[in-house]
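Undergrad: structure for the following, please:
(one chain, ligands or ions: 1)
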Amino acid sequence: MTDKNVCFAGEIALPAIGQGTWYMGENDRQRQKEVDALRAGIEAGLTLIDTAEMYADGGAEEVVGEALRGGLRDKVYLVSKVYPWNAGGKKAIAACEASLRRLNTDYLDLYLLHWRGNYSLAETVEVMETLIQQGKIRRWGVSNLDYGDMQELWRVQGGQACVTDQVLYHLGSRGIEYDLLPWCQQQGMPVMAYCPLAQAGRLRDGLLNHSAVADIARAHNATAAQILLAWVISHQGVMAIPKAASVAHVEENAAALKIVLSAEDLARLDDAFPAPGRKTPLDMV
Ligand SMILES: NC(=O)c1ccc[n+]([C@@H]2O[C@H](COP(=O)([O-])OP(=O)(O)OC[C@H]3O[C@@H](n4cnc5c(N)ncnc54)[C@H](OP(=O)(O)O)[C@@H]3O)[C@@H](O)[C@H]2O)c1
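TA: You can find the predicted model right below:
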């Protein structure tokens with residue numbers, strides 16, 4: 001049994017499962033539960049936390065800020081995202097400062113362009129570099145950029161400083177394996193897989209109860225969700241960021257770091273959910 005790590009920018013090794021926060025901060029009555037879940041996750045080793053100015057209009061960042069009170073900030077690798085319409089010039093500086101205030105910190109480990117918008121990639125790269133010089137962020141990356149977008153980014157001056165592409169990836173949606181994932185692997189650039197649980201199966205009916213997943217789960221004395229996570233992180237350089245709002249789910253997700261799927265398990269999952277044989281547009285939610 002081994003724990004798996006993913007290396008950011010060739011130097012920062014993190015457990016290959018982190019914590020998502022979409023839908024956190026939307027309901028005051030859930031707040032304490034969300035804070036407790038994030039803290040339990042950090043305790044269990046899920047030290048990357050992914051959030052965004054978009055989630056609950058900044059409310060998710062506030063929940064994360066609360067979870068990090070009392071000396072936890074330096075134990076986590078904190079990731080937030082900027083809206084495309086804020087991803088250039090003074091707007092980006094202001095958006096980043098607002099995220100820092102809500103998160104109750106003075107720096108982000110990683111700041112991502114949430115998806116492509118009207119600012120050119122060159123303008124976004126430029127302001128990301130300014131934010132690094134100002135000490136507000138340590139590194140920058142992108143999200144929801146497909147293979148062709150990444151080629152374009154690589155041609156922009158300074159574009160190759162991008163440390164990750166955060167994209168939708170789960171057993172039922174494998175489009176990135178055709179071109180984007182192999183290319184990122186070639187660059188040595190980790191991919192951050194969002195919706196690794198297909199939103200508890202909501203994005204792909206029947207995924208969690210599929211007989212292949214259920215049989216493999218039984219054989220590993222694991223849950224279907226753990227098998228989905230173990231499958232995502234079985235790919236080189238891929239990290240999963242499941243969102244869990246209960247301590248029980250978080251602990252289950254952390255334990256998935258130790259599950260190693262056999263070649264037979266992987267072949268059975270390939271049969272049930274084949275890898276793509278042709279280019280498909282990047283899946284998104
Ligand atoms: N860059 C982007 O455009 C983008 C888009 C979507 C998501 N994201 C990021 O990726 C994160 C993950 O994606 P997501 O939240 O959409 O979907 P997800 O992580 O695939 O699924 C979350 C759902 O799974 C449930 N869950 C968590 N652990 C479980 C377990 N062990 N067993 C059973 N159910 C479990 C959660 O329930 P509970 O909450 O009740 O625990 C929640 O309903 C987001 O939170 C966000 O940070 C980024």
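Undergrad: bridging residues for the one residue in the stretch 1-150 of the chain that gets nearest to the ligand?
TA: Here the residue of the stretch 1-150 of the chain nearest the ligand is residue 20; by Cβ to the nearest ligand atom that distance is 2.4 Å. Any C-beta I mention is one placed from the backbone N, CA and C, and that applies to glycine too. Counting by DSSP bridges, residue 20 is bridged to residue 243.
Undergrad: which helix or strand contains residue 63?
TA: Element membership of residue 63 [criterion: DSSP states H and E] is helix 59-67.
Undergrad: I would like the residues contacting that helix, please.
TA: 21-26, 31, 34-35, 38-39, 42, 49, 51-53, 55-56, 78, 80, 99, 102-105 (Cβ atoms under 8 Å, 6 or more residues apart in numbering).
Undergrad: ok, then the element right after the longest helix along the chain?
TA: As assigned by DSSP state H, the longest helix anywhere in the chain is helix 89-103. Sequence-wise, the next helix or strand downstream of helix 89-103 (DSSP H and E) is strand 108-113.
Undergrad: now that following strand - C-alpha only, CSV.
TA: Written as CSV, here are the backbone C-alpha positions of strand 108-113 (Å, rounded to 0.1, in the frame of the first residue of the first chain):
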residue,chain,number,x,y,z
LEU,A,108,-2.3,32.2,-2.5
ASP,A,109,-0.1,29.2,-3.4
LEU,A,110,-1.8,29.0,-6.8
TYR,A,111,-4.1,31.3,-8.7
LEU,A,112,-6.0,29.9,-11.7
LEU,A,113,-7.8,31.5,-14.6
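Undergrad: tell me what angle it forms with helix 89-103.
TA: 130 degrees (axes from the mean of the first three to the mean of the last three Cα atoms, to 10 degrees).
Undergrad: and the next helix or strand after strand 108-113, how far out from the chain's middle?
TA: Using DSSP H and E, the helix or strand that follows strand 108-113 in sequence is helix 121-133. Offset of helix 121-133 from its chain centre (Cα atoms, centre = their mean, to the nearest Å): 21 Å.
Undergrad: list the buried residues of helix 121-133.
TA: 121, 124, 125, 126, 127, 128, 131, 132 (16 or more other Cβ atoms under 10 Å).
Undergrad: which neighbouring elements make contact with that helix?
TA: Applying 3 or more Cβ pairs under 8 Å, 6 or more residues apart in numbering; DSSP states H and E, we find helix 121-133 packed against helix 89-103, strand 108-113, strand 137-143, helix 147-155.
Undergrad: and residue 45, what is it in contact with?
TA: Residues in contact with residue 45 (Cβ under 8 Å, 6+ apart) are 3, 15, 254, 257.
Undergrad: surely residue 48 is in contact with residue 19?
TA: Yes. The criterion here is Cβ atoms under 8 Å, and residue 48 meets it with residue 19 at 7.0 Å.
Undergrad: anything in contact with each of those two?
TA: Counting by Cβ under 8 Å, 6+ apart, the residues touching both residue 48 and residue 19 are residue 241.
Undergrad: need the residues that contact stretch 150-159.
TA: 121-122, 125-126, 129, 142, 145, 160, 162, 165, 180, 183-184.
Undergrad: let me have these in a markdown table, adding distance to the ligand and pLDDT as columns.
TA: Shown next, in a markdown table, are those (distance: Cβ to the nearest ligand atom, whole Å; pLDDT from 0 to 100):
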| residue | distance to the ligand | pLDDT |
| --- | --- | --- |
| 121 | 17 | 98 |
| 122 | 21 | 98 |
| 125 | 18 | 98 |
| 126 | 22 | 98 |
| 129 | 21 | 98 |
| 142 | 9 | 98 |
| 145 | 10 | 98 |
| 160 | 21 | 98 |
| 162 | 14 | 98 |
| 165 | 10 | 98 |
| 180 | 14 | 98 |
| 183 | 19 | 98 |
| 184 | 15 | 98 |
